[in-house]
Structure formats: C-alpha cells, structure tokens
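Q: just coords:
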C-alpha cells in the first residue's frame, strides 16, 4: 500500500546502455515529478507533469525522456547512459504543482560503470 | 527562478540541546515553505510546513518561523534526540508557480550522545 512506488530500487549498468525507471502513485494526485539527488545530497527537479501534461522541463540532457501514460504513472527513460548520470532518482507526487507537499518514492540508486 | 540558500551545511549538537537551521529565499512571490527530513538511505519526508500568512508554526519539538520581509525562514528543534540525526532540507514555492519546490542544499544534523 505504498503511496509512491518506484522500481527498481537499485540499477547498475554500463555506459552507453538505455534504462528505464518506473513510478506509480495511488494518492490520487494530479502532479508527478522526477528529482535527481547527487552525491552531495542536492535535490534538483528534472521534470514535472500535471494531469499527463509536461509543465516543468529543467535543463537536463535530452537523453532523459519522461513518459506519463496516465496521471498515476510517470516513467523515466534514459538513453546512452554516462558516468555522470550516477545518482539517486526520486519520483514524487503532489495534489497540484504549486504550494502543496511532495510525497516521495523510496528512490532508485543508479550506478553507471 | 527561485533560489534557496541553507545554512549551516553541517550542524553538530549535544543530545538535549536545541538545533536551528536557517534558509533564505530570493523570490518574494514564494508563499509555501516546507521542511523535509531525510534519514540515511531513505526518502525525504515532510516534517513541517508554513505558509506566508503565518509567522510561526509548532509541532511538538519542532517549530518553523518565517520572516517575509527579510525573506528567511528557520527550523528549530528542541530537546534533540539521537533519532533527529538526518539531513534536513528547506524548500520554497509559490502559488500559481509552475516550478515546483526549490530545495536548499541540505543540513546534516548530528546529535552527539
């Protein structure tokens, strides 16, 4: 009954590969996000979707492509993985894009070798 | 866009003492200020939040104060306990904004026994 669930929890892969991370929320929220947390613990927003529509697309490489098949799901696909992509990726959701608490998933630790 | 500065980056206090973490923000339109706690290897979790129509909010040993004129807000933890050891993040967002939450860089709070 986890509110925001993402899979996999750990992902170890080689440079150049393509990988996906899946996220689902059962809170009935309209807005979902992807955040990247680097080795220094800095949390930076990557993407935000509201009712399946992209509303935030920060300056991330276009190797990263989010996909939202419905408002309960937001997946992240990464092409041609690089060493610098190694980080923890958190999915999150909220009732609306502004002014409301975020509920985070448990994170996916991506290691690119 | 919004910029949130957080200090200190590391804070060590004796068990039972108080801890204060301070944040400043740049966008005067911001009106929602949550605080998240992240334990090692876990997801960030909301511990308290405040909106701009309130100057102070308290929840047991945790309190947050907001000074809109000076554009700064602080987290106060009294009677610290070992389980308070974690990384704490402040954040800011504005109503009607599409940028989601902007996070500070985090404070590693260490409670010394």
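A: Happy to help now that I have it. If you're wondering where the values come from, they're calculated on a predicted model, not measured in any experiment. Residues are numbered from 1 along each chain as shown, chains lettered A, B, ... in the order given.
Q: Does residue B:14 touch residue B:110 like I think?
A: No - under the criterion of Cβ atoms under 8 Å, residue B:14 makes no contact with residue B:110, lying 10.2 Å away. Bear in mind the C-beta positions are built from the backbone N, C-alpha and C, glycine included.
Q: Mind jotting down where the strands sit in chain A?
A: Taking DSSP state E, the strands of chain A run over residues A:4-7, A:10-13, A:19-25, A:31-37, A:43-50, A:53-57, A:64-70, A:73-78, A:87-94, A:103-104, A:108-112.
Q: Using TSV, lay out those strands together with mean pLDDT and distance to residue B:55.
A: Output for the strands of chain A, formatted as TSV (pLDDT from 0 to 100; distance: least, Cβ to Cβ, whole Å):
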stretch	mean pLDDT	distance to residue B:55
strand A:4-7	97	32
strand A:10-13	97	43
strand A:19-25	97	33
strand A:31-37	93	28
strand A:43-50	89	26
strand A:53-57	78	30
strand A:64-70	92	38
strand A:73-78	96	36
strand A:87-94	95	24
strand A:103-104	95	27
strand A:108-112	97	39
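Q: With distance to residue B:104 and mean neighbour count added, can I get those strands in JSON lines?
A: Shown next, in JSON lines, are these (distance: least, Cβ to Cβ, whole Å; neighbours: other Cβ atoms under 10 Å in any protein chain shown):
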{"stretch": "strand A:4-7", "distance to residue B:104": "22", "mean neighbour count": "19"}
{"stretch": "strand A:10-13", "distance to residue B:104": "27", "mean neighbour count": "14"}
{"stretch": "strand A:19-25", "distance to residue B:104": "24", "mean neighbour count": "20"}
{"stretch": "strand A:31-37", "distance to residue B:104": "13", "mean neighbour count": "25"}
{"stretch": "strand A:43-50", "distance to residue B:104": "9", "mean neighbour count": "21"}
{"stretch": "strand A:53-57", "distance to residue B:104": "18", "mean neighbour count": "14"}
{"stretch": "strand A:64-70", "distance to residue B:104": "24", "mean neighbour count": "14"}
{"stretch": "strand A:73-78", "distance to residue B:104": "24", "mean neighbour count": "20"}
{"stretch": "strand A:87-94", "distance to residue B:104": "16", "mean neighbour count": "24"}
{"stretch": "strand A:103-104", "distance to residue B:104": "16", "mean neighbour count": "22"}
{"stretch": "strand A:108-112", "distance to residue B:104": "22", "mean neighbour count": "18"}
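Q: returning to that earlier point: looking at residue B:14 and residue B:110, which one has more neighbours?
A: Ranked by neighbour count (other Cβ atoms under 10 Å in any protein chain shown), residue B:14 and residue B:110 place residue B:110 first, with 14 against 10.
Q: and that one, what does it touch?
A: B:10, B:11, B:12, B:13, B:85 (Cβ atoms under 8 Å, 6 or more residues apart in numbering or on different chains).
Q: ok, the last one to residue B:11 distance?
A: Residue B:85 sits 10 Å away from residue B:11 when distances are taken as Cβ to Cβ, to the nearest Å.
Q: Tell me the bridge partners for the closest residue to residue B:63 other than its chain neighbours.
A: The shortest distance from residue B:63 to any non-neighbouring residue, by Cβ to Cβ, 6 or more residues apart in numbering or on different chains, is to residue B:76 (4.5 Å). Taking DSSP bridges, one obtains residue B:20, residue B:63 as the residues bridged to residue B:76.
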